[in-house]
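Q: sequence first, then the predicted structure:
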Amino acid sequence: MSDDPVTAQRLKNGLPVFVALASLLLVLAVMAALYFGRDILVPVTLAILLSFVLVPAVRLLGHIRMPRVPAVLLVVVVVFGALFGIGSLIVREGGQLVSDLPRYSLVMQDKIKSLRGATADTGTLSRIVDVFQDLSATLSPPPPPELKGDPGSTGHPLTVEIRAARAGLVENLQTFAGPILHPLATTGLILIFTIFILLQREDLRNRMIRLAGGSGDLRRTTAAIDDAARRLSRFFLAQLALNVAFGVVIGVGLWWIGVPSPTLFGVLAAILRFVPYIGAAISALLPLVLAASVDPGWSMVIATAALFLVVEPIAGHVIEPLLYGHSTGLSPIAVILSATIWTFLWGPIGLVLATPLTVCLVVLGRHVDRLWYLDVLLGDQPALDPPEIFYQRMLANDPAEAIDQGRQFLKERALVTYYDEVVLAGLRLAQDDLSRGTLDRARQGEVGAAIRTVVARLGTTPVALRPRKGKARTGSSEAAAAVAAAGPDRKVAAVVLKPADLAPAWRGAVPVLCVSSRGPFDEAATLMLSQTLDRHGLRSEVMAMSAIRGGARPKDAASLAMICFSYLEPVSLSQIRFTVRQARAAVPGVRVLVGFWGERDPATLDRLRRATSADVLVTTLNDAIENAVAVSRAPGVEPARTAATPVATLPQAAE
């Protein structure tokens, strides 16, 4: 590298451009290899996916003490025999359908004429009828050409015979054997690769572990690879079973309706359902057209449409979530993009394999550290953690999205849980940026104002929670991720104290005073503490430390039972100790709680409590509420609860 600092700086500045170009060239090279090597890669890919489906059957035979080789051969022979049987059935049904198409086209032409008369004044419907007429003309055989003789002749047609040159043996073989040899060769490759993958799956797993960098941590990498293989096997087997059942139901339904070639359309429906979003709709088009061509009326068309409209929603929205969850683990954009790319590279077979291949990539990205970017690019999980999403929205000065996320969270969990797990964690990220000097004064004000807006808006949500059974049903993936990360509510989250439940010292107008420190984000943390105290039946007042030192006093200092000091920004322990002593001198007998919201290690709290002389030190709002509720309620009184899950009575704290 050059010693010239100017040249070094230029190279440093140009490095991201070089990396981007190298990445682009790598992507183009991989796509070119996939495109030009599709004759080999498609059979290998199909064999790999098929092996995921067949592994459970091989293991089942192994459990009954059948040797590996006979078990693999038996499973492969049975599966490929069934595939060949289905293929021959499709060929026979397809041939019969093609031979009957001219007869069906006559009924279609009559319907088109009646439709054209009924839609003569409607432009859109008329164009649709023109499309069906073109389709009918395509299906109808062309009429034989009229042969006319010489004008001076007697009118007899002139017969002209054209004889092609005699083809050689090689040309005949290419003409007749070419269309047959290519599918047979592809099937043979799939068969061979499937057998060897099933026979050598342990060796292939070990090589995958080595490629994934697992030689340094065999336990973790082995567990990740085995878990990924089991997940893929279960997913593909469940998807195959569901799609086969879908095809069987469609085939039986079309047979009962009377549509010709129901077996063919049932198989096509099972195959096309692997295509995301539009596969079932595509599989319904040809049966609808054929039903319109067979039935002089419209009852068969209506019955066929109703069959697909009933079966597909049941399969997609009822059975599919029960088998392998509500989602394949892919984002909608990833599904559409992968379908487009794989169709461009491998044609129709790529469209069918797009979702299984992308699922494989996402599972690898979640279990192999080196491929983590695949999960970020293609997965349906949020790319950022809930606190990071919250803080990013605050930096963008967009509190509306955070408010919506919080309201969706509150459908499943308590407000204090959301504050602890999301908002306070986001405040700590903001405080870290402030400590590093990456937030200027103007940005600090914007972020603080946005957080206070979120807290004020979420404070208007109802206190009671509606109990939900089963899995949480939040509206967005970000809110669902926040609910999953937060876990269940603490017991205290469901406790609400009434005035009669409070001890005599806590029945004043405002028994709790919440004091915020001098940091730009301490006010938001103090507002959350005061708001959660109010929601649990403990009325509180918020004051800033600077205002108290300027001479301001609470509305009714004599009624105070607890003073809560809120610290997000690090301060000296001697200053906190001095502040606590001042509070006790101003209000004798008051209980002092100090919240260190930026403290990450709860093990140091006892040492800090002794150093600050506070009664209680907490790091979360749940801890603060739990202590305040425990010391404020009258002895022997069980506090009321919200409509959330029942909670046990809190232990009586020592006064």
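A: Alright, I've got the coordinates.
Q: look up the closest residue to the most centrally placed residue in the chain, ignoring the ones flanking it.
A: Per CA atoms, centre = their mean, the C-alpha nearest to the average position across the chain is that of residue 380, at 2.7 Å. Among residues not flanking residue 380 along the chain, residue 331 sits closest, at 4.6 Å (CB to CB, 6 or more residues apart in numbering). All C-beta spots, glycine's among them, are computed from the backbone N, C-alpha and C.
Q: pretty sure residue 498 contacts residue 536?
A: No: counting by CB atoms under 8 Å, residue 498 sits too far from residue 536 to count as a contact (10.7 Å).
Q: of the two, which one has the most company?
A: Shown here are residue 498 and residue 536; by other CB atoms under 10 Å, residue 536 has more neighbours (23 against 11).
Q: check contacts around that one.
A: By CB atoms under 8 Å, 6 or more residues apart in numbering, the contact list for residue 536 reads 492, 495, 496, 497, 625, 628, 629.
Q: tell me how far the closest residue to the fourth one other than its chain neighbours lies from residue 456.
A: Meaning residue 497. Distance criterion CB to CB, 6+ apart; nearest residue to residue 497, sequence neighbours excluded, is residue 537 at 3.2 Å. According to CB to CB, to the nearest Å, residue 537 and residue 456 sit 20 Å apart.
Q: give me the more crowded residue out of these two.
A: Comparing residue 537 with residue 456 by other CB under 10 Å, the one with more neighbours is residue 537, at 21 against 14.
Q: contacting residues around the more buried one?
A: Per CB under 8 Å, 6+ apart, neighbours of residue 537: 496, 497, 498, 499, 501, 502, 639.
Q: helix, strand or coil for it?
A: coil (DSSP: H, G, I helix; E, B strand; the rest coil).
Q: tell me, how many residues neighbour residue 26?
A: 10.
Q: what helix or strand is it located in?
A: Here residue 26 sits within helix 5-36, counting by DSSP states H and E.
Q: may I see the buried residues of the helix or strand that that helix is followed by?
A: Counting by DSSP H and E, the element after helix 5-36 in chain order, helix or strand, is helix 38-63. Neighbour-count burial for helix 38-63 flags 38, 42-43, 45-55, 57-58, 61 (criterion: 16 or more other CB atoms under 10 Å).
Q: quick one, domains of the chain?
A: 26-136+180-199, 386-486, 494-641 (automatic domain parsing).
Q: including distance to residue 307, could those go into a markdown table?
A: Listed next are the domains of the chain as a markdown table, based on distance: least, CB to CB, whole Å:
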| stretch | distance to residue 307 |
| --- | --- |
| domain 26-136+180-199 | 18 |
| domain 386-486 | 30 |
| domain 494-641 | 49 |
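Q: show me the one of those that comes nearest residue 342.
A: Smallest distance to residue 342 across the domains of the chain (CB to CB): 8.6 Å, for domain 26-136+180-199.
Q: just checking, next helix/strand downstream of whichever strand or helix holds residue 285?
A: Here residue 285, judged by DSSP H and E, is contained in helix 279-294. Per DSSP H and E, the first helix or strand lying C-terminal to helix 279-294 is helix 299-314.
Q: ok, back up a step: so for the helix holding residue 285, what gets flagged as buried?
A: 279, 280, 283, 284, 287, 288, 289, 290, 291, 292, 293, 294.
Q: swap in stretch 260-267?
A: Of the residues in stretch 260-267, those buried (16+ other CB under 10 Å) are 260, 261, 262, 263, 264, 265, 266, 267.
Q: turn the residues you listed into CSV, including distance to residue 67, pLDDT and secondary structure.
A: Shown next, in CSV, are the buried residues of stretch 260-267 (distance: CB to CB, whole Å; pLDDT from 0 to 100; DSSP: H, G, I helix; E, B strand; the rest coil):
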residue, distance to residue 67, pLDDT, secondary structure
260, 47, 85, coil
261, 42, 84, coil
262, 41, 87, helix
263, 37, 86, helix
264, 39, 87, helix
265, 41, 88, helix
266, 37, 89, helix
267, 34, 88, helix
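Q: need the max-distance pair from these.
A: 260 and 267 (14.3 Å).
Q: can you report how many residues lie near residue 317?
A: 10.
Q: now do residue 457
A: 16.
Q: show me the contacts for the residue lying closest to it once chain neighbours are set aside.
A: Excluding the flanking residues, the one nearest residue 457 by CB to CB, 6+ apart is residue 403, at 4.9 Å. Residues near residue 403 by CB under 8 Å, 6+ apart: 453, 454, 457, 458.
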